[in-house]
Structures are given as structure tokens and as C-alpha cells.
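Trainee: A predicted structure for the sequence below; I have some questions about it.
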Amino acid sequence: MPELITITVDGREVQVPKGIQLIEALRQHARVETPAFCYHEDLKVAGNCRICLVEVEGPRGFGFAISCHQQATPGMKVRTQQSSETVRLARKGVMEFLLVNHPLDCPICDKAGECTLQEHYMGQGRHESRLHDDVSKQYKGGADHRFTDGKGQDRGGKTIDLGPTIILDQERCIACSRCVRFMDDVAKSSQLDIASRGDHAYITTFPGKPLDHAYDLNTTDICPVGALTGKHFRFQQRVWNLKSVESIDPSDALGANLTIDYNISGEGGKIWRLMPRRNPDVNKSWISNRSRMLYQQLSVNRLTDGIIAGKDATLSDAIAAAVKALAGAKRVAVVASGHLTVEDNAALLALRDKLAGAEVFGGSWLPVGAADGIALSGDPVANRAGLTLLGIPQNLDDLAKRAGEFDAIVIAGNDLWAADPLKAAKLGSIPVRIVLDAWQTATVKQATIAIGIRAWAEIRGTMINRQERIQVLNACPVVAGPGLEPAWRVVSDLASLGWTNETQAFKAAQARSQRLAGLSYRGIGPMGVVLPAVAAPAAAAGVA
């Protein structure tokens, strides 16, 4: 536990951790909403926007201070907008300066609805414009992209193509420098800078150099206005039409936290974007561009029905054919997958137990790379630790060598033929090949029976990341096919387990590992829980 100190906020004594930035002390502990443009929890402090002004008592009485740049100290006395008219007027003045030359683009701006400038105007500004009708705005922007609009007004740069992923509108920039600090300090690639000075300052790249980085789309998230927008989402949706569910990155063993943003209107609805979700212990506020674009695969090349002997079939017919084939098999290989949830793999273990002469195999033939130190571990098998926890061996090579021993194989969510075609080719000698997958993969093409299942964004379940943190994926209501079910449900039908919800599958996993004892989805929560070395008593584990 951090050492606590006492400060006084608007006449109230508040205990806060020693050394905490004052803005966070006000937000988290004093429960005083404190606006900011340049400040961000996961970036170095810049202190250039001034909207977080408060009054702090000093040797000569109360004076202005920016709360983002000061640390809380014992006995500090602070006045905020709740008790100080001076603070309220000062913030109102800051907003007036920021808006006096800002373009009136709200109706066409992609940031409208989640724009910090809009939010803080309603909370801190609400001033009447003092700009006369005959006085034009002084729009920012570099000389290379200036133009004259239809009213004869000299304008700054608009719709500037910065590189593969991002469009820039220079005249919207409020020079908060968040994007510059992100590229400098997080991405470690200085590709952005602020040019010119004063109210002419604008954001730009270096001459002849594009903005091109594996994490550059994070600059669009942290931009408090609509200066930086992602090409993939530009002019696609109004954010107030979107709803969100919390999930994790299914493509990497770090399990970066994210949200799935969707619009249910229209035929079946659609997932429109993935956004980073802050978890200071996992990915902070960042996700890679690669992870962000995973939503585009959710509506492409999906396996929404069944396939029997190369011909299309209904899901129910494919399941019935698989049940019949397994009943007649003498030796069955069950291949678990670190791309599926703990619940899915618990179901596969239950299937193994139900079938006489069945054996389980696990692991992956995908290569493991190096961690990038931001939001990717380099291991593409997201739930590898989950397999280990359930006692599933990493022995696919052994399966390839012993393929001749089996007359049936069940492969769930593991594209073996794409990962290593030469090793997987040995499995082609197994007469019955039952594949469960969400996409029409290379392995599905080798199946004698294929059954479509829900993808990661469409299910509720858990994965365990490389920190041994168990995290929850929540189901988005947008599903590729109306008849699709999670893998655990399909496996339950194959094994006649009778499971009807994911809680039953999770309890089956808990029965196989004491480290899961006492946990529930509610107890795991949105931030996840690091698993204990040994099981904690149920009462202490926060069962809900």
C-alpha cells in the first residue's frame, strides 16, 4: 500500500497517495472533475494547455498552478472550480483562447461525440463569442497545404495524407503535443513535431517523411480534437450510434485490453472498430495497429454452416455426422487450442474423457517473436498459459509422428495446415478429420466434417495471458451467423455434456485446476486477476 498524505480540497480534507500528480488526486480521491487536454495518464507531463488550472496556497496566499504538473504534498491546500470563481473564470478564458480560431467543423468532424474540446466547453467554457462577424478566424496550417475556401477565407491544411493510416486536419490542432510525446516516448520513433510558434503552431511530419509506425493509430485515440483521424474509421459512423463491450486482444499472449464498438441497427448489425481499453498493468492505453484491425476479419471468410465430405451442410447435420463418426472411432486425437478460451478447452478435455481411447494434444506450430514493450508479447497464442493451467501438453510434433495410430481427429480453433503445412500433411492420413472453426481456414479445407463456431468477439469466456492474469472476453451481440454457437457448446453436443451456458464450462475448468478455485466472471472483473500460486479460499477470492 502506498503511503497516504492529507491535502485540503475546497475546504475538505482528502487522503491521497504520496507523490501522486495533483490532477489525479483531484479526479480519483477528491472526486472533483478536472479537465485536461495535454495531460494523459500514460504520457510524460507537458503542462501546456492550462485548462487544469487550480489555486494552490503558497507563501503569499493562493495562486494559480496547473494541477497536471504538480505533485500532491502533505498539507497542500487547493481550490478548484467548485469553490473558486477565479479558477472558473480562468478556465473559461483558456477555452475562449482555444476556440477563437478553431474551425466550426463539429457537424462534419469524426471526433464529434467524443471530442474533449466539446466536453470541456460544456463544463468549463459556455462563453459568448466576442469575435466580430467582420473579423476572420486565423486558421492554423503550414504553407504547403493552405487554400482559400468558397468565402475567400485563407484556411489551414485539411485532409492531409500523413501516411498509410492517418489523415491530418492541421487547423483543428490545439497543439497539446500528445501525439508528439506518444511517438517520442512510447513508440520510440520521432515522426511528428510542432512547427511554427504561438497561435500559428501546427502539427506536422518532418519534410518528405510519412507517419508510418505499427502503433501510430494510437495518436488518433489520444488526440483531444479531430486533428488526427484514422483512415479505416473516417466518415464511417457517428460515435453516439455505437455501443461497446469489453474484451481482450485474441491474437497475442499479452491480451491487451480493448473494446468492441458496434452498431446493432441494420441487418444483423456490424462491428465498426476496436479501441484500446486502459489497463495500467497490461497494455496501459495502447493497442497495435494489427490488433486494432482484427475487427475487419470478423465479417470475412466466415464458416457459418457445416461441411460434410466437401459439400455444404447445416450445422445440425454436421454435428450429427461428427457424433456418429466419433462413436465409431476406436482411437481419437483431440487437438486443443491456445486461440480458444479456457471454457472451450475444458470442453475438449471433457470430450476426451467421454471417448474411449481418446488422447488430447495441444500447442502451436506458429513462430514466437520478441515482445515490443508496448502491447504485444510476440507470442501469437493468446491462451497458451490457459492450456498449461489445464494440464494440456504442448505436443503437436508428437501427434504428427503418431498420426497413424488414430482413426479420427477433432481440431478446434487451431489452423494447423496454415501454421506448418508439412507437419500437418501427416495428419491427412487420419480417415475422419472433424474441424471446428470460425473461418474457412486451410485446416477446414482438409476436414471431412467441418462445423462453424463463433469467433472471439462473439463469445463470453476467459483467457490467461503471459503474466498469468485471467481476463474476460465479453460477447458482442453482432454474430456472423444466427445458428453459430461457441466452441464449448458445440463440443458439449459432441460429447453429450448437456452444458447450456459458459458458467458450466468455467466450473469444469475450475475442477481441473485449484488455481481457478473461488473465481467468477464478476470477481475477475474488467481488469483481470493475476492467478495465485496456490488456490485462495473462496471467501477471500471475491466470489460473486
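Mentor: Yep, that arrived.

Trainee: now the strands for the stretch 201-350 of the chain?
Mentor: Remark: strands assigned in the stretch 201-350 of the chain by DSSP state E, counting those that start in this stretch are 202-205, 228-230, 243-248, 257-263, 270-276, 306-308, 311-313, 332-335.

Trainee: spatially nearest residue to G163 (excluding sequence neighbours)?
Mentor: Spatial nearest neighbour of G163, excluding adjacent residues (CB to CB, 6 or more residues apart in numbering): P210 at 3.5 Å. For the C-beta atoms, the positions are set from N, CA and C on the backbone; glycine is no exception.

Trainee: likewise for I20?
Mentor: Per CB to CB, 6+ apart, closest to I20 is A72, 5.3 Å.

Trainee: circling back to that earlier point, need the pLDDT of the residue nearest to G163.
Mentor: pLDDT, P210: 97.

Trainee: who touches it in this structure?
Mentor: P210 makes contact with L162, G163, P164, Q191, according to CB atoms under 8 Å, 6 or more residues apart in numbering.

Trainee: and the two most separated of these?
Mentor: Maximum pairwise distance among the contacts of P210 (CB to CB): 12.2 Å, between P164 and Q191.

Trainee: what is in contact with these two at once?
Mentor: With CB under 8 Å, 6+ apart as the test, P164 and Q191 both reach P210, D212.

Trainee: compare neighbour counts for those two and give me the winner.
Mentor: Q191 (20 against 12; other CB atoms under 10 Å).

Trainee: for that one, what are its contacts?
Mentor: M183, T205, F206, K209, P210, L211, D212, H213, D216.

Trainee: ok, K330 next?
Mentor: Neighbour list for K330: A356, G357, D407 [criterion: CB under 8 Å, 6+ apart].

Trainee: and those residues, which are buried?
Mentor: Among those, those buried by neighbour count (16 or more other CB atoms under 10 Å) are D407.

Trainee: contacts only, for V16.
Mentor: For V16, the contact set (CB under 8 Å, 6+ apart) comprises L4, I5, T6, I7, A25, Q28, H29, A30, A72.

Trainee: again, only this time at 10 Å
Mentor: Residues in contact with V16, defined by CB atoms under 10 Å, 6 or more residues apart in numbering, are 2, 4-7, 9, 22, 24-26, 28-30, 71-72, 74, 76.

Trainee: that one should be in a strand, yeah?
Mentor: Yes - assessed by DSSP: H, G, I helix; E, B strand; the rest coil, V16 belongs to a strand.

Trainee: ok, how many other residues are close to the residue lying closest to it once chain neighbours are set aside?
Mentor: Spatially, and ignoring its direct neighbours in sequence, V16 is nearest to A25 (4.1 Å; CB to CB, 6+ apart). The local packing of A25 (other CB under 10 Å) involves 26 other residues.

Trainee: one more: G404?
Mentor: G404 has 10 nearby residues by other CB under 10 Å.

Trainee: residue contacts, it?
Mentor: Taking CB under 10 Å, 6+ apart, one finds R331, K426, S429, I430 in contact with G404.

Trainee: ramachandran coordinates for V360?
Mentor: phi -100, psi 140 (degrees, to the nearest 10).

Trainee: and it, what pLDDT?
Mentor: At V360, pLDDT is 98.

Trainee: give me the distance between C49 and V334.
Mentor: 57 Å (CB to CB, to the nearest Å).

Trainee: between those two, which is the more surrounded one?
Mentor: Using other CB under 10 Å as the criterion, C49 and V334 rank with V334 on top: 28 against 24.

Trainee: how close does the more buried one get to G328?
Mentor: 16 Å.

Trainee: C106 too?
Mentor: In terms of CB to CB, C106 sits 66 Å off from G328.

Trainee: which of these two has more neighbours?
Mentor: Set C106 next to G328 and count neighbours by other CB under 10 Å: C106 wins out with 14 against 9.

Trainee: excluding its backbone neighbours, what's nearest Q70?
Mentor: L22 (4.5 Å).
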